[in-house]
Structures are given as C-alpha cells and as structure tokens.
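A.B. asks: coordinates only, no sequence provided:
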C-alpha cells in the first residue's frame, strides 16, 4: 500500500519559490502529500519575520486544508557557520517547529564548516550536505540530526555519497523535494527514485520514509 508523502523541505514566494503558500499547499495536496514543511530561506535579517509569517499562515489556514498537515519551518541559508548556533537558538525560542540548514551542496558556494555547525547546533534536517565528511556523518548520527537525500536537480548529485556514509555510521536519512515551483513536488515514484537511485536497499528506503514520519510527529508535539 502506498504511504503518504511527507516532505519537510519546500519553499514559497516568501523566499525564492514560485508559489504563494496557499498554492504550495494545494499543489502538495494534489500530489498526495500528507505532511508539508514550509521552510523558506532565512538569515539573521529574515528569520524573525519569515518564521512569523509562515507560522501565522499555518495557524490561520490549516483548517482549510484538512487533508494535509502544515509544519512551519525555515532553512538557514548561506549563514556564516559561527552564526548558525545562535540563529537555531533564536528559532527554537520562537517555537518554530522545523529548523533546516542549507548544507554544503556542490551546486553552490556554501561556506566550509556549515555542515558541522548545523549538526552541533542540533538542527532537525541538514539539507543536501554535499560531500559531507565521515566525521560529520558520525556526529550527525550521535546528535540525531537527519541527513537529506534530495530530489532537487544539482543538489542531488551527491545523494549516493550521503546514503553510503549514513549507512556506515547509522545516521538517519530523510527524502525531501526542496521544491521551489510546480513540477518539483515529490510523487511516490519520485521519492522511490531518489532513495533507490542513491543506492538504498528497499529496507533502507522504507526506513527513510519511517524517519520522515517519526520526525514529523515529533515536530508536531
């Protein structure tokens, strides 16, 4: 039986997405999502305002989308590594449920040390962490930080490396879209392609799906 799609990394027009939040959620419903995390890009200047806007949208609009759960979040993006911990604490103080960090993808010039700073700060998801070091993967496993396998073009080129390192050290994986526009939403087939294409076994793929379910339930507590 098909499992509902849980996607904890998406973007709206609040940052660099193409859809307003209502459109984003409606597209997700039609795509078969059961849970969506809205995680627009933020830095020190944008965290407070963006997080408040997303939380306000979720609070006002959830009742109109009974078939999907909206989890407000933010993705700390190109933030200097030394600033990540303080911004994570600020997000937690605001009671923002979901904190993602834009990892050291090979597709963008992310500052070296971002992956480790995010892990030490205890973020929920380290997105597209690129050629993450084995030491960082080991530390993510110890800290319970989820490493992302992504559907996003460009960022996805290192999925196989992330999956192999996660297997070696027991780090938790999740599969997300990093959706910015129509055509980038996960489907059941796309989610499977990401996982199996990264070298996961069927059992490991289902474990990643389970990880997303458990994480979403924890975030909603």
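C.D. replies: Looks like it arrived, so ask away. What you are looking at is a predicted structure, and each value in this text was computed from that prediction instead of being measured.
A.B. asks: what residues of the lengthiest helix in the chain count as buried?
C.D. replies: Taking DSSP state H as the criterion, the chain has its longest helix at helix 202-219. For helix 202-219, a neighbour-count test (16 or more other Cβ atoms under 10 Å) marks 204, 205, 208, 209, 211, 212, 213, 215, 216, 219 as buried. No exception for glycine: its C-beta is placed from N, CA and C like everyone else's.
A.B. asks: counting by contacts, list what that helix packs against.
C.D. replies: The contact analysis (3 or more Cβ pairs under 8 Å, 6 or more residues apart in numbering; DSSP states H and E) places helix 202-219 against strand 5-10, strand 33-42, strand 69-76, strand 146-150, strand 173-176, helix 188-197.
A.B. asks: let's see it at 7 Å
C.D. replies: Packing partners of helix 202-219 (3 or more Cβ pairs under 7 Å, 6 or more residues apart in numbering; DSSP states H and E): strand 5-10, strand 146-150, strand 173-176, helix 188-197.
A.B. asks: tell me the contacts of the closest residue to residue 73 other than its chain neighbours?
C.D. replies: Excluding the flanking residues, the one nearest residue 73 by Cβ to Cβ, 6 or more residues apart in numbering is residue 98, at 2.9 Å. Contact analysis of residue 98 by Cβ atoms under 7 Å, 6 or more residues apart in numbering lists 8, 37, 39, 71, 72, 73, 124, 219.
A.B. asks: burial count for residue 67?
C.D. replies: 12 (other Cβ atoms under 10 Å).
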